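Asker: Need a 3D model of the sequence below.
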Amino acid sequence: MNRPGNPVRRFRLTKIVATLGPASSSPEMIRALFDAGVDVFRLNFSHGTHEDHAQRLATIRALEAELDHPIAVMADLQGPKLRVGTFAKGPIELKVGQRFRLDLSTTPGDSSRVGMPHPEIFAALKPETDLLLDDGKVRLRVVDCSPDHADTVVVSGTRLSDRKGVNVPGVVLPLSPLTRKDREDLVFALDQGVDWVALSFVQRPEDVAEARKLIAGRAALLSKLEKPQAVSHLDEIIELSDGVMVARGDLGVELPAEDVPTIQKRIVRESRRAGKPVIVATQMLESMVGAPAPTRAEASDVATAVYDGADAVMLSAETAAGSYPVEAVSIMDRIARRVEHDPLYRTIMDAQHPDPQQTSADAITAAARQVAHTIQAAAIVTYTTSGSTTLRAARERPEVPILCLTSNIETARRLQLAYGVHSVHSADVNDFNEMVQKAARAAHEDGIAVEGQRLVITAGVPFGTPGNTNILRIAWVEAE
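Answerer: Residues are numbered from 1 along each chain as shown. Predicted coordinates:
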């Protein structure tokens, strides 16, 4: 629980992302989720109408104004949905070894064939390619193919029904991640003022570049890594993105299950090295959709993401459609706090500091973490316009909060996703001494520091020059 009188103060550094939906749309529920620990609200454009999302966003902005505290909102685009067609007489039974055809016909299917209205898939198929249907429950192997059909043999699976999803592991499909629906949703989301846009179905760096051009700086871009092809271009995709998400659902379909944990760790490690926020998502507390407590394995899964150093962990159906949305957030909050108080956690974080670049900004930021530890400071303070100074501090994974002062409300909101960051939207300052006074006041008012504690302050002078961190100062929090 937050301290009375300080509803915005978190007692953990890892952030929580929660998805809104039918179970969590009322102002009362959104407020309860925030009080339980949500830092970022996700609007899932795979479900709901524009009116639904507009109402939820308006509720969040009203709560933000009431609390006088920035809240981040993420629009998650649906991306291409590859599915088979329908069957004339309902679900069919399959036998291993039988032949089965996929084609472009719109005629309802039977036990020997079904439509698959995606010529892009047929264009990319070759003999011996595997197709996974219904989240991998059915595996077909291509025997022969052409631009309008594929003859396959059933490798595994016994049942197939209408409109089940199709995955083509190991094949780069000639598809943009942005469908016509996604483009319409993107325009709407940007006009509504979302802070982050999550891009689905990323396969290549070019996919990220296409989305970035359309967003044109109006929101931060987060690439969802859910295709094995994207992992092959991990460094380039991270570089082009403002943040990434480990979307383990589709990764777990297209990759062997034993590969997913190591890939998760790799993505988190490389994202942190690049100083980009990284979210671990999908099925983290899945059983809490219908149960008031998680399984022990789920609790361990959340803890593993925190031990890995992820900026955030995410809830999907648990808060969007589950019966216990507030409880799911509360438990995730408790797990993260418990892990962060484990001495092993700090040992891991301190052992994995990325090497600083040979710049004065990186040198000062790395020194700020060390100074904060040595003098047992209450927080590291950053003053930023673009967010680069604060993200550099988060990259160091300090053991104290990062109090971010910024005159840019968009920056303040976006940074709520980053590890340890407590954003404060503040009027511009004229000089460094004024900034120090504002920092001490904000730290005291938001319950981050008490009188007599010290703050480690970094900033760039002259103000307003992105990435120009060149000052480090220690200040005391004094009574007004």
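Asker: Hmm, residue 25 is touching residue 56, no?
Answerer: Yes: Residue 25 lies in contact with residue 56 (C-beta atoms under 8 Å); the separation is 5.8 Å. In this view, the C-beta of every residue, glycine as well, is placed from N, C-alpha and C.
Asker: So the two - more neighbours on which side?
Answerer: Legend: neighbour count by other C-beta atoms under 10 Å for residue 25 and residue 56, higher for residue 56 (22 against 17).
Asker: partner residues bridging the nearest residue to the more buried one once chain neighbours are set aside?
Answerer: Sequence neighbours aside, residue 20 is the residue nearest to residue 56 in space, at 5.0 Å (criterion: C-beta to C-beta, 6 or more residues apart in numbering). Applying DSSP bridges to residue 20 gives these bridge partners: residue 43.
Asker: Got the domain ranges for this protein?
Answerer: Annotated domains of the chain cover 15-79+177-342, 92-167, 360-476 [automatic domain parsing].
Asker: what's the helix or strand for the residue positioned nearest the centre of the chain?
Answerer: Geometric centre of the chain, nearest residue: residue 279, 3.7 Å, by C-alpha atoms, centre = their mean. Residue 279 is part of strand 278-281 when elements are defined by DSSP states H and E.
Asker: One more: residue 390?
Answerer: Applying DSSP H and E as the criterion places residue 390 in helix 388-395.
Asker: Which strands and helices lie in contact with that helix?
Answerer: In terms of contacts (3 or more C-beta pairs under 8 Å, 6 or more residues apart in numbering; DSSP states H and E), helix 388-395 is packed against helix 360-375, strand 379-383, strand 402-406, strand 454-459.
Asker: ok, residues contacting the second one?
Answerer: In this case it means strand 379-383. Identification of contacts with strand 379-383 by C-beta atoms under 8 Å, 6 or more residues apart in numbering yields 368-369, 372, 389-390, 393, 398, 400-406, 422, 429, 435, 439, 443, 448-449, 455-460, 463, 469, 475.
Asker: Could you give me the ChimeraX syntax to select whichever of the residues you listed are buried?
Answerer: Buried members of the contacts of strand 379-383, defined by 16 or more other C-beta atoms under 10 Å, are picked up in ChimeraX with:
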select :368,369,372,389,390,393,398,400,401,402,403,404,405,406,422,429,435,439,443,448,449,455,456,457,458,459,460,463,469,475
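Asker: Apart from its neighbours in sequence, what residue is nearest residue 473?
Answerer: Per C-beta to C-beta, 6+ apart, closest to residue 473 is residue 457, 4.7 Å.
Asker: cool, residue 75 as well?
Answerer: Spatial nearest neighbour of residue 75, chain neighbours left out: residue 189 (3.7 Å); criterion: C-beta to C-beta, 6+ apart.
Asker: With residue 71 instead?
Answerer: residue 64 (4.6 Å).
Asker: Now for residue 124, how many residues are close by?
Answerer: 16.
Asker: And for residue 254?
Answerer: For residue 254, using other C-beta under 10 Å, the count is 20.
Asker: Ok, residue 10 next?
Answerer: 21.
Asker: Equivalent analysis for residue 341, please.
Answerer: 11.
Asker: Against residue 334, how distant is it?
Answerer: Taking C-beta to C-beta, to the nearest Å as the criterion, residue 341 is separated from residue 334 by 11 Å.
Asker: Also residue 183?
Answerer: Residue 183 is 40 Å from residue 334, by C-beta to C-beta.
Asker: next one: the host helix or strand of residue 350 to chain centre, how far?
Answerer: Using DSSP H and E, residue 350 sits in helix 343-351. Relative to its chain's centre, helix 343-351 lies at 23 Å (C-alpha atoms, centre = their mean, to the nearest Å).
Asker: the inter-axis angle of it versus helix 360-375?
Answerer: Angle between the axes of helix 343-351 and helix 360-375 is 150 degrees (criterion: axes from the mean of the first three to the mean of the last three C-alpha atoms, to 10 degrees).
Asker: Isn't residue 171 up against residue 128?
Answerer: No: Residue 171 lies out of contact with residue 128 (C-beta under 8 Å); the separation is 11.3 Å.
Asker: For those two, indicate the residue with more neighbours.
Answerer: Between residue 171 and residue 128, counted using other C-beta under 10 Å, the more crowded position is residue 171 (19 against 8).
Asker: Would you point out the helix or strand in this protein whose mean pLDDT is lowest?
Answerer: helix 248-254 (a mean of 86; mean pLDDT, DSSP states H and E).
Asker: Report the next helix or strand after that helix in sequence order.
Answerer: Counting by DSSP H and E, what follows helix 248-254 is helix 260-274.
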